[in-house]
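**Q** what shape does this take:
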Amino acid sequence: MSLIAVFGIGIIEIIIILGLLAVVGAVIVGVIVATVAANRGKDDRRQ
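**A** Predicted coordinates for the structure are as follows:
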């Protein structure tokens with residue numbers, strides 16, 4: 001039973017880590033998209 005408990009805790013930790021990585025990745029992608037959109041907007045205004 002101890003192995004199952006440790007394995008379960010490991011699964012929970014892995015899920016939490018993957019969730020945090022997904023959130024961080026989404027934030028980074030959002031910042032990049034916002035920056036690109038802002039740059040495109042500036043280019044359109046210049047033209």
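
**Q** other SSEs contacting the helix or strand harbouring Lys42?
**A** Using DSSP states H and E, Lys42 maps to helix 2-46. Packing contacts for helix 2-46, counted by 3 or more C-beta pairs under 8 Å, 6 or more residues apart in numbering; DSSP states H and E, involve no helix or strand. (C-beta placed from N, C-alpha, C; glycine too.)

**Q** how far off centre is that helix?
**A** 0 Å (C-alpha atoms, centre = their mean, to the nearest Å).

**Q** so who does Ala37 touch?
**A** Neighbouring residues of Ala37 by C-beta atoms under 8 Å, 6 or more residues apart in numbering: there are none.

**Q** so how far is Val31 from it?
**A** 11 Å (C-beta to C-beta, to the nearest Å).

**Q** what does Ile17 give?
**A** 21 Å.

**Q** repeat for Gly19
**A** 19 Å.

**Q** average pLDDT across the helix holding Lys42?
**A** The average of the pLDDT scores along helix 2-46 is 84.

**Q** how many neighbours does Asp44 have?
**A** Neighbours of Asp44 under the rule other C-beta atoms under 10 Å: 8.

**Q** ditto for Val31
**A** Using other C-beta under 10 Å, Val31 is surrounded by 10 other residues.

**Q** again with Ile16
**A** Neighbours of Ile16 (other C-beta under 10 Å): 10.

**Q** what does the one 4 residues further on give?
**A** As a burial measure, the neighbour count of Leu20 was computed by other C-beta under 10 Å and equals 10.

**Q** what's the answer for Ile12, then?
**A** Neighbours of Ile12 (other C-beta under 10 Å): 10.

**Q** so which residue is dead centre in this structure?
**A** Closest residue to the average C-alpha location of the chain: Gly25 at 2.3 Å, with C-alpha atoms, centre = their mean.

**Q** any idea how far that residue is from Ile15?
**A** From Gly25 to Ile15 the distance is 15 Å (C-beta to C-beta).
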